[in-house]
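A.B. asks: Give the three-dimensional model of this entry:
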Amino acid sequence: MAGQSLFSREISDAGVDLAELDAGPPVQDGPADAAKVLAPPITKSRPASDEPALPQIDEDAGHLGGGEGHSGLPAAALGYWTGTRRSNRLGFLASATFHAVALVIMALIAVLSQPADEDLVELIASLTDNDPPKFENRDDLLDPSPAVKFSSDVGDTSFDSLLSDELPAGPPSEVPQESRAKSAPGSASPLDSSNLPWRVSTGGGGLSGRGAKAREGLVKKRGGTPGSQAAVRRGLDWLKAHQRRDGSWRFSHRSENCNAYCRNPGNHASTTGATALALLPFLGAGQTHVTGDYQDVVRAGLFYLIGRMRTTDDGGDLQEGTMYAQGLATIALCEAYTMTEDEKLMIPAQRAIEFIVNAQDPLGGGWRYAPRQIGDTTSFAWPLMALKSGQMAGFHSPSPSIKLAQKFLDSVQSGEGAYYGYQRPETKRNPTTISIGLLCRMYTGWGRDHAGLKRGVDFINRRGPSASNMYYNYYATQVMHHWEGKPWQRWNAKMREHLIRTQALEGHETGSWYFEDHHTTSGGRLYNTAVAIMILEVYYRHMPLYSERSVDSDAGF
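C.D. replies: Residues are numbered from 1 along each chain as shown. You can find the predicted model right below:
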């Protein structure tokens, strides 16, 4: 049902339980048990006041007796020390070596018996073929060695150049021909530079407002304030403080740097979903891995996403249990490529798009939690927006996918396209699914003169922002921003001030948001914070759709 949590639904027909808590690595008690088994028996030492027993030679046994409680040493050892058996030095050396080895073993046992380091346990527990290496500090993360490879189907292309500042970032006229990307060995798609349009549309819906100068002007023009942008900065700092050492974020954010100082952790297990969602506000503010004040943060997050991509026959899988994560991660990769034209992002972004195309319900045209499930409106938007982001970046998004998406929207609409249900038309008007449906209609070609779109915008305008439902606020804010005019001005004034007023300003939670709402419980504070930041970035995050052309004439949307 539409009222269920955004992340915590169960996928009964796919056998995946999305409500499982990502509880972290299991506690291992193996070393302590091993110490009990391997440790030698402890013998009572002689009191300090006792005189040591004098060694005596047992002629019959050929051993040096050490008094009661002592095992004998070979008689040859006594001869060596007294100068009477110098020819037996090899025997002594063998004995000494044996005892040295025994001491080393006992030392190792002592070390292993100590409490296991949490990071070491986590590293051991998480070593799989798809896990990227962990790094001990930020310097290692910025210059990883050895190089981390892409998925196996893209050849030997490494991520090294993404982590350096040496790649040219300009358009093709400013980039030497020899520096442009070539098709990776074994790649089935034509992904060399000559087959990809470099010029990205700067029309409606585009990312051209994210540059530093453009942001400043658009904030003033479209309704932002110094207070709203200060809140964005504090939010980005909170996200930065909760990034893990491997470059990822977790909805259960209370680990590593946080140390449980922040309340309201989420419990959804998808690390790709959390990482992509946390990256989007940085990209929305014009921060990339090559420009801005958070380059290392964005670089590490992109590094993590690419390392988590699984190679499948359907494309690059970034789900980790939910198509929400696939859509979010694909958007992050496509936006990062659009903003930097870093060619090392081309192949993973195109592979992620291919997976979305192949995961679409081939009959109904929707997306849900698992590939090819019958769609629902709340799951539908992220994959569709990912295709839109890919199209803006110049990647191939097959037109049948768009036509099928429109078919799904037709199947859940009512009121001539003004209202949208969850999996079918609904008489009870749900503001969340309505705002999602309207935004998707805007991006798939409906103009301001469409009667259904006008009625839907009027519904949102009369309802206004929610005090706690950030999922609705996120989509509705974009709808109203693209619509512009007085409805946008009224909406923005309420939404902007509500978020400024409710941002945490004390302790470790400073810069974050949390609203108690059933839609986002499993996303927790991380989800609420990322979404709130993106709402406050709306002035420049995407250019308004109806001010200029949404896309180029040959774009396919």
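A.B. asks: per-residue confidence at F395?
C.D. replies: Looking at F395, its pLDDT stands at 87.
A.B. asks: same question, N259
C.D. replies: 84.
A.B. asks: number of nearby residues for it?
C.D. replies: 9 (other CB atoms under 10 Å). Any C-beta I mention is one placed from the backbone N, CA and C, and that applies to glycine too.
A.B. asks: what does M346 give?
C.D. replies: Neighbours of M346 (other CB under 10 Å): 25.
A.B. asks: for A212, same thing?
C.D. replies: Other residues within reach of A212, judged by other CB under 10 Å, total 10.
A.B. asks: check contacts around it.
C.D. replies: Neighbouring residues of A212 by CB atoms under 8 Å, 6 or more residues apart in numbering: G286.
A.B. asks: Same check on D293?
C.D. replies: Contacts for D293 (CB under 8 Å, 6+ apart) come out as Q287.
A.B. asks: pLDDT below threshold where in the stretch 351-500 of the chain?
C.D. replies: Counting by pLDDT under 70, the stretch 351-500 of the chain contains low-confidence residues at 399.
A.B. asks: Sorry, slip of the keys, the one I care about is the stretch 101-250 of the chain.
C.D. replies: Using pLDDT under 70, the stretch 101-250 of the chain drops low at 101-205.
A.B. asks: Let's test this: mean pLDDT of the host helix or strand of G316, rounded?
C.D. replies: Using DSSP states H and E, G316 sits within strand 315-317. In this model, strand 315-317 has a mean pLDDT of 97.
A.B. asks: Now Q413, what are its backbone angles?
C.D. replies: phi -90, psi 160 (degrees, to the nearest 10).
A.B. asks: That one: how many residues sit nearby?
C.D. replies: So Q413, with other CB under 10 Å, has 22 neighbours.
A.B. asks: can you check E484 too?
C.D. replies: Neighbour tally, E484, other CB under 10 Å: 15.
A.B. asks: same check, this time on the one 10 residues further on
C.D. replies: Around K494 sit 11 other residues, with neighbours defined as other CB under 10 Å.
A.B. asks: switch to numbering from 4
C.D. replies: OK, 4 is where the count begins now, so the last one is K497.
A.B. asks: Could you give the secondary structure assignment for the residue nearest to it when sequence neighbours are not counted?
C.D. replies: Leaving aside its chain neighbours, K497 sits nearest to P468 (5.2 Å; criterion: CB to CB, 6 or more residues apart in numbering). When classified by DSSP: H, G, I helix; E, B strand; the rest coil, P468 comes out as coil.
A.B. asks: quick one: P468 and A479 touch, right?
C.D. replies: Yes - judged on CB atoms under 8 Å, P468 makes contact with A479 at a distance of 7.1 Å.
A.B. asks: more neighbours, these two?
C.D. replies: More neighbours surround A479 than the other of P468 and A479, with 29 against 23 (other CB under 10 Å).
A.B. asks: how close does that one get to N433?
C.D. replies: As for A479, its distance to N433 is 12 Å (criterion: CB to CB, to the nearest Å).
A.B. asks: Can you classify T314 as helix, strand or coil?
C.D. replies: Criterion first, three-state DSSP; result for T314: strand.
A.B. asks: beta partners of it?
C.D. replies: With DSSP bridges as the criterion, T314 is bridged to G319.
A.B. asks: Near it, how many other residues are there?
C.D. replies: Counted with other CB under 10 Å, residues neighbouring T314 total 15.
A.B. asks: Kindly report the same for V300.
C.D. replies: Applying other CB under 10 Å, I find that V300 has 22 neighbouring residues.
A.B. asks: and it, what helix or strand is that in?
C.D. replies: V300 is part of helix 298-311, with elements assigned from DSSP H and E.
A.B. asks: Just the C-alpha atoms of that helix, please, in CSV.
C.D. replies: Below are the C-alpha coordinates for helix 298-311, written out as CSV (Å, rounded to 0.1, in the frame of the first residue of the first chain):
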residue,chain,number,x,y,z
GLN,A,298,35.9,16.9,-3.6
ASP,A,299,37.3,14.1,-1.4
VAL,A,300,33.8,13.4,-0.1
VAL,A,301,32.2,13.1,-3.6
ARG,A,302,35.2,11.2,-5.0
ALA,A,303,35.0,8.6,-2.2
GLY,A,304,31.3,8.2,-2.6
LEU,A,305,31.6,7.6,-6.4
PHE,A,306,34.5,5.3,-5.8
TYR,A,307,32.3,3.2,-3.5
LEU,A,308,29.3,3.1,-5.8
ILE,A,309,31.4,1.9,-8.8
GLY,A,310,33.1,-0.7,-6.6
ARG,A,311,29.7,-2.1,-5.6
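A.B. asks: elements contacting that helix?
C.D. replies: Secondary-structure packing of helix 298-311 (3 or more CB pairs under 8 Å, 6 or more residues apart in numbering; DSSP states H and E): helix 141-145, helix 274-287, helix 326-343.
A.B. asks: For the closest residue to T480 other than its chain neighbours, give its distance to A234.
C.D. replies: Take T480 and drop its neighbours on the chain: the residue closest to it by CB to CB, 6+ apart is I538, 5.0 Å away. The spacing between I538 and A234, counted by CB to CB, is 10 Å.
A.B. asks: Correct me if wrong: H545 contacts L210.
C.D. replies: Yes - in this structure, H545 is within contact of L210 by CB under 8 Å, at 7.0 Å.
A.B. asks: Distance across stretch 414-428, terminal residue to terminal residue?
C.D. replies: From its first residue to its last, stretch 414-428 covers 7 Å (CA to CA, to the nearest Å).
A.B. asks: My error: substitute stretch 362-373 in the last question.
C.D. replies: 8 Å.
A.B. asks: Could I get the buried residue list for that stretch?
C.D. replies: With burial defined by 16 or more other CB atoms under 10 Å, the residues of stretch 362-373 counted as buried are A362, Q363, D364, G367, G368, G369, W370, R371, Y372, A373.
A.B. asks: In contact with the third one: list those residues for me.
C.D. replies: Under the criterion of CB under 8 Å, 6+ apart, the contact list for D364 reads W370, R371, R375, Q376, I377, G378, L407, F411.
A.B. asks: which one of the residues you listed is nearest T294?
C.D. replies: W370 (32.5 Å; CB to CB).
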